[in-house]
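Trainee: Take this sequence and fold it.
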Amino acid sequence: MKKTVETHAIVSIGLSVIKKTPGQDDRYQSYVCDNFHFLTLKQGNFTVNTETGKFLVKHHFSFDRLFADGIPYDPAGQQTLHALWKGILTALAEGHIPLVIHHGLYDLLYLYHSFIGPLPKTLQGFLKEFADRFPSGVYDTKYLVELENWDASFLSFVFARCDRLRQDRYKKPTRERPYFQVTVQEPVEYRKEDKKRKSEGEGDKGERKKRKETKPESYCKQYAIIMDHQMGPSDYPQVYTSSLVPTVKDQVEAIQGAHTAHFDAYMTGFAFCYLTHTMTPTQLKNGKNKLKLRGLDIPLTFPTPH
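Mentor: Residues are numbered from 1 along each chain as shown. You can find the predicted model right below:
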């Protein structure tokens with residue numbers, strides 16, 4: 001894993017920041033979500049796996065745009081980090097904000113290697129170093145839902161199930177299991193031309209451009225259909241109905257295009273919001289700093305930072 005991370009590169013990062021709105025009825029909670037999407041261009045040489053390249057192209061990733069607009073970075077052990085990444089890492093560490101991932105050991109390894117420092121020689125060394133830098137901890141939503149014994153734990157299913165269960169609380173919320181909603185702002189993308197405009201005095205003081213998110217409507221429709229089949233119709237008014245797509249094959253094909261970095265981040269954050277309103281504080285504490293590993297029943301555990 002260490003060799004793979006050191007020879008490959010992050011080309012796109014999705015970051016969702018979800019903030020709870022204060023001063024609300026305990027039975028009805030609301031959040032505001034800001035999504036950020038960054039193209040990142042590693043300086044020097046890096047390897048692109050053939051299958052990964054095909055996957056990215058299939059999902060409309062533009063390598064032309066990566067090399068034209070990607071934010072340049074060097075692994076932290078070589079040069080000073082770009083100011084953007086310094087700000088993100090500082091905000092997480094000083095704001096005591098936990099990282100929330102879904103089956104994301106590789107995500108953490110790439111994050112550390114690219115923007116923090118050289119990977120330690122041993123796994124235990126990495127776990128200790130990462131825990132010390134992120135004292136608020138890490139939550140893995142895949143591990144959390146498996147603690148709840150869900151039928152499946154892949155991200156798209158987890159998101160759809162959390163959304164359906166959330167909807168079913170609309171008419172009868174309680175303090176222990178409130179109904180909640182997330183207001184999603186337009187995603188923000190860093191673009192080099194925005195920096196150029198700022199230097200030329202154009203636009204609104206060089207403010208980063210906000211771009212409308214392409215909503216994966218077919219994706220949402222198909223998982224709503226699956227939830228209808230598994231759990232029955234929701235008490236909450238539904239936008240999508242089972243008549244829209246007739247077969248399971250069509251459902252699977254319709255969701256293939258719904259893969260963007262910030263949408264994955266949003267689904268993960270949304271699921272965590274649901275779980276914080278469902279699991280007990282003790283369950284959440286026991287699930288903190290534990291990552292699901294493929295094929296193993298025992299999680300990978302980060303040590304408690306000193």
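
Trainee: Let me see the confidence value for E186.
Mentor: The score at E186 is 79. That number is its pLDDT.

Trainee: Can you give me the neighbour number for it?
Mentor: For E186, the neighbour count with other CB atoms under 10 Å is 12. For the C-beta atoms, the positions are set from N, CA and C on the backbone; glycine is no exception.

Trainee: give me the beta-bridge partners of Y28?
Mentor: Beta-bridge partners for Y28, by DSSP bridges, are Y179.

Trainee: That one reaches T174, doesn't it?
Mentor: No. Using CB atoms under 8 Å as the test, Y28 is too far from T174 to be in contact (10.7 Å).

Trainee: Give the full set of residues in contact with the nearest residue to Q283 once chain neighbours are set aside.
Mentor: Take Q283 and drop its neighbours on the chain: the residue closest to it by CB to CB, 6 or more residues apart in numbering is L147, 6.7 Å away. By CB atoms under 8 Å, 6 or more residues apart in numbering, L147 lies in contact with M279, Q283, N286, G287.

Trainee: now the residues you listed in TSV, with distance to A9, pLDDT and secondary structure?
Mentor: TSV is the format used below for the contacts of L147 (distance: CB to CB, whole Å; pLDDT from 0 to 100; DSSP: H, G, I helix; E, B strand; the rest coil):
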residue	distance to A9	pLDDT	secondary structure
M279	36	94	coil
Q283	37	94	helix
N286	35	94	helix
G287	31	95	helix
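
Trainee: Got phi/psi on the most centrally placed residue in the chain?
Mentor: Centroid-nearest residue in the chain: A265, 1.8 Å away (criterion: CA atoms, centre = their mean). With angles defined as degrees, to the nearest 10, A265 sits at phi -60, psi -40.

Trainee: For it, give me its contacts.
Mentor: Contacts for A265 (CB under 8 Å, 6+ apart) come out as G14, L15, S16, N35.

Trainee: Could you measure from it over to K142?
Mentor: According to CB to CB, to the nearest Å, A265 and K142 sit 14 Å apart.

Trainee: how about the helices in the stretch 1-150 of the chain?
Mentor: 2-7, 50-58, 63-69, 83-94, 105-115, 123-133, 141-147 (DSSP state H, counting those that start in this stretch).

Trainee: Quick one: list the elements packing against the shortest one.
Mentor: Translated: helix 2-7. On a contact count with 3 or more CB pairs under 8 Å, 6 or more residues apart in numbering; DSSP states H and E, helix 2-7 meets helix 105-115.

Trainee: relative orientation of the helix it packs on and helix 123-133 in degrees?
Mentor: On the basis of axes from the mean of the first three to the mean of the last three CA atoms, to 10 degrees, helix 105-115 is oriented at 70 degrees to helix 123-133.

Trainee: okay, the angle between helix 105-115 and helix 83-94?
Mentor: Counting by the same axes, to 10 degrees, helix 105-115 lies at 120 degrees to helix 83-94.

Trainee: quick one: contacts of helix 105-115?
Mentor: The contact list for helix 105-115 (CB under 8 Å, 6+ apart) reads 1-2, 5-6, 8-10, 40, 42, 73, 75-76, 81, 85, 88-89, 99, 101, 119, 126, 129-130, 138, 291, 293, 300.

Trainee: For this structure, give me the ranges with low pLDDT.
Mentor: Within the chain, the stretches with pLDDT under 70 are 76-85, 189-261, 306.

Trainee: Hmm, Y274 and P178 touching each other?
Mentor: No. Look at P178 against Y274 with CB under 8 Å: they stay out of range, at 10.4 Å.

Trainee: between these two, who's got more neighbours?
Mentor: A side-by-side neighbour count of P178 and Y274, using other CB under 10 Å, places Y274 first with 24 against 17.

Trainee: gap between the more buried one and S16?
Mentor: Distance, Y274 to S16, using CB to CB: 14 Å.

Trainee: so who does the nearest residue to D74 once chain neighbours are set aside touch?
Mentor: Closest residue to D74 apart from its sequence neighbours, by CB to CB, 6+ apart: Q43 at 4.9 Å. Contacts for Q43 (CB under 8 Å, 6+ apart) come out as P72, Y73, D74.

Trainee: Can you tell me which of the residues you listed is nearest S153?
Mentor: Distance ranking of these against S153, using CB to CB, places Y73 first at 31.7 Å.
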